[in-house]
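Undergrad: Let me see the structure of the following:
(2 chains)
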Amino acid sequence: MLFFSQLVNGLQLGSIYAMIALGYSMVYGIIMLLNFAHGDVLMAGGFIALFSINAGLSPVLAVSLAIGGCVCLSVLIEKVAYSPLRAAPRISLLITAIGVSLLLQNLAQLFFSASAHSFPANSILPMKNYSISGVNISLTSIVTILTAIVSMAALTYLVQRTKIGKAMRAVSEDAEAAQLMGVNVNRVISFTFAAGAALAGVGSILYCCRYPLVAPTMGALPGLKAFVAAVFGGIGSIPGAMAGGFAIGLFETLVTALGFSTWADGIVFGILILVLLVKPTGIMGRSMMEKV
Amino acid sequence: MKKQKKITIALATLLCLALLSACGGGGSTGGGNNSTPPAGSTPESNAPIKVGILAPLTGDVAEYGIAVRNGAQLYIDQRNAAGGVNGKQIEVIQYDEEGLPTNALTGYNYLVDQGVTAIIGDVTTNPTLAVVPEAFADNMPMITASATAAAVTFDDTTGELLYPNMFRSCFIDPFQGEKMADFASANLDAKTAAVIFNTGIDYSIGLKDAFVKKAGEIGLEIVSQEGYADGAVDFQSQLTNIAARKPDVLFTPDYYNTVALISQQARNAGVTAAMLGGDGWATVLDVMNNPAPIDGSYYCSGYSVEDASPAVQDFLKAYMDEHGSIPNMFAAQGFDAAMVLVTALEIAETSGHATGSDEYRSAVIDAMRATDMECVTGHITYDAFNNPIKSAAIIHITGGVERFWGKY
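TA: Numbers count the residues shown, from 1 in each chain, chains lettered A, B, ... in the order given. Here you go, the predicted structure:
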């Protein structure tokens, strides 16, 4: 019974990691950029939801605003900070991403103060526990896991079955060739940022329902863990990010559940190092040939 | 393209500004009360006495730092308004260390460069531990309002006073851990207890060790001990383990942000035990939109506003007039820290040594050790390890508010 409770814990944690990891992986897949500002987009989503609910808006509207806000912010970042650097060396792009991340964190501190704000999780998801034959499951866990599965199914459909998805895959394969075939590369890149940010927006709501504190630096740690999950699954690969997220969440929970709670982070990162030693591209990564 | 470049430059400028604003503000001086000295005295003898306040005024633990600063500043303002110490005003120099040990050390050096005679600070344990050896080497009189780890003043394994220059106005970790174990067994009829603690901060480890040790002595069975890394936000799996052991009480020695998260997840995981904590819980209700998960908990605190003693009520009124909010324990301890320090400065002023000289500092330290007076958080005298001897106030969280349970 304890095992199933812990399994649910791991799946819930993994769902959140996976949702954020997808944003990292999609953007990397398409423009080879480690978008470190992604975790801070999550933070922005948290603040938008917090203020919307405190302003008396309905939870549905607040959630939509948070997701919409994440999408707008992410597309804005892409247009303002990343797209002028498209031809620049990749290291410039990476430094810019770190700069944007710091900018967002500091702006949030400036506007909302550095201290944590209590998130009214109750008005989005009431605190409720279900006991199913001895297994204790909270409503938050169920909703988180289901939302993650639905979002990922929708993303998979989008990428595999739609025209824009085909364009995304084409740009990720070879941007120049795709452009020659008539794909509007800039639009596809913006769309990729928007899709990743929408997932981060949903992730931020799920994250805040589970950890009901919103703070300017709240995006840093889940961002880092999700980045690890994306690398673990094979960065650039969408199913890899999903698998990586769930794997990291389950590992963390498993290690803690076995009583090594003080070692959890160390063991998780140890496993990451081992996997990368054996399979440097991650568990589902494509091995990429250097094009000459 | 040109337009985009402009935007990029604007963005870069914004970034620089944001960074500056986050780092700046460190050296602002506090207190608008540095009025001109009384006429007739020589400029040398009535130069203000500089006192540093080293505290996190931004960052995760800013809530404590700001409260301590406000409390200490309030006492110093009161003294300055009443004519200062030996005819000299007290000038406060603040440094915001953001709760980071490395910044605390920078801040300490900054304050020393500014020529401070004594320091009130630091606020949390780790930054204080980072600063104390340096302050000891300088023979700098220091008093912390809230760093509760034993190691701030003494080594609890060898029983040796480490830093004779360092005092505090709060009680120490072992004291709080022992009190809560005793309290759970005697007043809550607890037979079993679980502990969840932060493995990354000395405060949490100190309380946990003392709680577990005391529990062993009084027959309170510890059924589960779970740890987590500093900065963790997920405790679900630890709490699921704890829920399976069905303890009577759950001891959670950490600061308010983490406690708010743990209490919510504890109820999600099916833990029904009453939660217990230390003084780090202060202000926890401020960060809980829904107080239901933490209802029925107890924690020990340095003081309670419901205490009817005149010292507490006078302080309460003065603080409310100044800041318009109810002072928490940290503000009260900050006030007491300033009271102990300034009273010692007053005694040292009569020693005849030049203000700020090494002999003068030693006189301040000796005077602090001999403290014996009524403060806001109780009657303070010091034990052999520079820790105040006073009782704890037990706070009961019930019906979404904090209630003074009594002195224990």
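
Undergrad: Going by C-alpha atoms from here, please, whenever you check contacts or count neighbours.
TA: Fine.

Undergrad: Surely residue B:397 is within a strand?
TA: Yes - Residue B:397: assigned to a strand according to DSSP: H, G, I helix; E, B strand; the rest coil.

Undergrad: Does the helix or strand harbouring residue B:227 pack against any helices or strands, and if so which?
TA: In this assignment (DSSP states H and E), residue B:227 forms part of strand B:221-228. Using 3 or more C-alpha pairs under 8 Å, 6 or more residues apart in numbering or on different chains; DSSP states H and E, the elements in contact with strand B:221-228 are strand B:192-198, helix B:202-218, helix B:236-245.

Undergrad: closest one to residue A:256 among these?
TA: helix B:236-245 (6.2 Å; C-alpha to C-alpha).

Undergrad: can you dump the C-alpha coordinates of stretch A:189-209 into CSV?
TA: Taking Å, rounded to 0.1, in the frame of the first residue of the first chain, the C-alpha atoms of stretch A:189-209 are listed here in CSV:
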residue,chain,number,x,y,z
ILE,A,189,10.3,28.9,-34.0
SER,A,190,7.8,31.3,-32.3
PHE,A,191,5.2,28.6,-32.3
THR,A,192,7.6,26.2,-30.6
PHE,A,193,8.3,28.7,-27.9
ALA,A,194,4.5,29.3,-27.5
ALA,A,195,3.8,25.6,-27.2
GLY,A,196,6.6,25.1,-24.6
ALA,A,197,5.4,28.1,-22.7
ALA,A,198,1.8,26.9,-22.7
LEU,A,199,3.0,23.6,-21.1
ALA,A,200,5.0,25.6,-18.6
GLY,A,201,1.9,27.7,-17.8
VAL,A,202,-0.1,24.5,-17.1
GLY,A,203,2.9,23.3,-15.2
SER,A,204,3.0,26.4,-13.1
ILE,A,205,-0.6,26.0,-12.0
LEU,A,206,0.0,22.4,-11.1
TYR,A,207,3.2,23.3,-9.3
CYS,A,208,1.6,26.1,-7.3
CYS,A,209,-1.3,23.8,-6.3
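
Undergrad: Determine how far it lies from the middle of the whole chain.
TA: 7 Å (C-alpha atoms, centre = their mean, to the nearest Å).

Undergrad: in its sheet, what does the strand holding residue B:227 sit against?
TA: Strand B:221-228 has these partner strands in its sheet, going by DSSP bridges: strand B:192-198 (parallel).

Undergrad: Kindly format the C-alpha coordinates of the strand it pairs with as PDB.
TA: Extracted in PDB, the C-alpha atoms of strand B:192-198 (Å, rounded to 0.1, in the frame of the first residue of the first chain):
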ATOM      1  CA  THR B 192       5.100   8.400  19.700                       C
ATOM      2  CA  ALA B 193       6.700  11.200  17.600                       C
ATOM      3  CA  ALA B 194       8.100  11.600  14.100                       C
ATOM      4  CA  VAL B 195      10.600  14.200  13.000                       C
ATOM      5  CA  ILE B 196      11.100  15.700   9.600                       C
ATOM      6  CA  PHE B 197      14.000  18.100   9.400                       C
ATOM      7  CA  ASN B 198      16.200  20.100   7.000                       C
END
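
Undergrad: Can you tell me which of the helices and strands packed on strand B:221-228 is nearest to residue B:92?
TA: So among those, helix B:202-218 is nearest, using C-alpha to C-alpha, at 27.8 Å.

Undergrad: average pLDDT for stretch B:140-159?
TA: In this model, stretch B:140-159 carries a mean pLDDT of 88.
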